[in-house]
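Enquirer: got a predicted model here, sequence first, then my questions.
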Amino acid sequence: MTDRYPGYDVLAKRNSPSWNDQTRRVVDERLRIDPEQHRFFTQSEWDTVRALCDRIVPQPAERVNPVPLAAMLDEKLHTNSTDGYRDHRLPPVREAWRRALQAFDAEAHKLKHCAFHQLEPALQIKLLTDALRSKTDIIFTISQHRQLYYQCKCSNNAKADISARAFKYLI
């Protein structure tokens with residue numbers, strides 16, 4: 001992956017008017033997260049979520065300190081920090097993540113008799129793409145479902161179909 005904005009470094013704005021004290025505190029807290037630490041996910045789940053993060057939000061190979069996405073997610077789930085809302089028909093976000101990770105591993109086992117994180121990157125991307133296009137029974141996060149649902153320029157019936165397909169495996 002190439003850097004989308006060569007030469008741009010958001011951290012260089014730290015002491016500019018672009019950042020206030022709250023922004024500095026939040027960024028500092030996030031940068032202190034150990035990218036190898038996980039307290040919520042089991043080892044198997046951790047391996048899968050890291051592979052998912054690597055495929056969904058790839059980072060430039062030359063980046064010295066990649067954003068610890070999996071560790072940030074693990075910390076959020078460990079502390080049970082939520083966005084403050086949840087559709088009552090859906091499982092709690094922690095349970096949804098566990099189910100989704102199990103589903104990705106189950107699909108990988110069907111495909112190649114191994115866990116998701118053991119698949120070649122191209123096959124991981126294929127499974128993610130199939131999930132997004134409802135070609136498998138898996139979804140990857142409630143956030144992606146919400147994004148698809150709200151960006152869909154379609155009828156309410158079509159949106160209901162998106163929800164039914166996306167959560168078929170979870171419910």
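Expert: Structure received.

Enquirer: quick check: phi and psi on Tyr85?
Expert: Tyr85 adopts backbone torsions of phi -150, psi 160, taken as degrees, to the nearest 10.

Enquirer: check it and give its pLDDT.
Expert: Tyr85 is assigned a predicted lDDT (pLDDT) of 77.

Enquirer: distance of it relative to Ala70?
Expert: According to Cβ to Cβ, to the nearest Å, Tyr85 stands 24 Å off from Ala70. C-beta coordinates here come from the backbone N, C-alpha and C atoms, glycine included.

Enquirer: okay, those two: which has more neighbours?
Expert: Neighbour count, other Cβ atoms under 10 Å: between Tyr85 and Ala70, Ala70 has more, with 24 against 6.

Enquirer: next one: the residue sitting nearest the centre point of the chain from Leu101, what distance?
Expert: The residue lying closest to the centre of the chain (Cα atoms, centre = their mean) is Cys53, at 5.5 Å. The gap separating Cys53 from Leu101 is 12 Å, by Cβ to Cβ.

Enquirer: with Ser81 instead?
Expert: Taking Cβ to Cβ, one finds Ser81 at 19 Å from Leu101.

Enquirer: of those two, give the one with the bigger neighbour count.
Expert: Shown here are Ser81 and Leu101; by other Cβ under 10 Å, Leu101 has more neighbours (25 against 10).

Enquirer: quick check: which element contains that one?
Expert: For Leu101, the host element (DSSP states H and E) is helix 93-112.

Enquirer: and Leu101, what does it touch?
Expert: 41, 45, 48-49, 52, 116 (Cβ atoms under 8 Å, 6 or more residues apart in numbering).

Enquirer: need those in CSV with neighbour count, secondary structure and pLDDT, can you?
Expert: Listed next are those as CSV, based on neighbours: other Cβ atoms under 10 Å; DSSP: H, G, I helix; E, B strand; the rest coil; pLDDT from 0 to 100:
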residue, neighbour count, secondary structure, pLDDT
Phe41, 21, coil, 98
Glu45, 21, helix, 97
Thr48, 25, helix, 97
Val49, 26, helix, 96
Leu52, 23, helix, 93
Phe116, 28, helix, 97
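
Enquirer: good, we can wrap up now.
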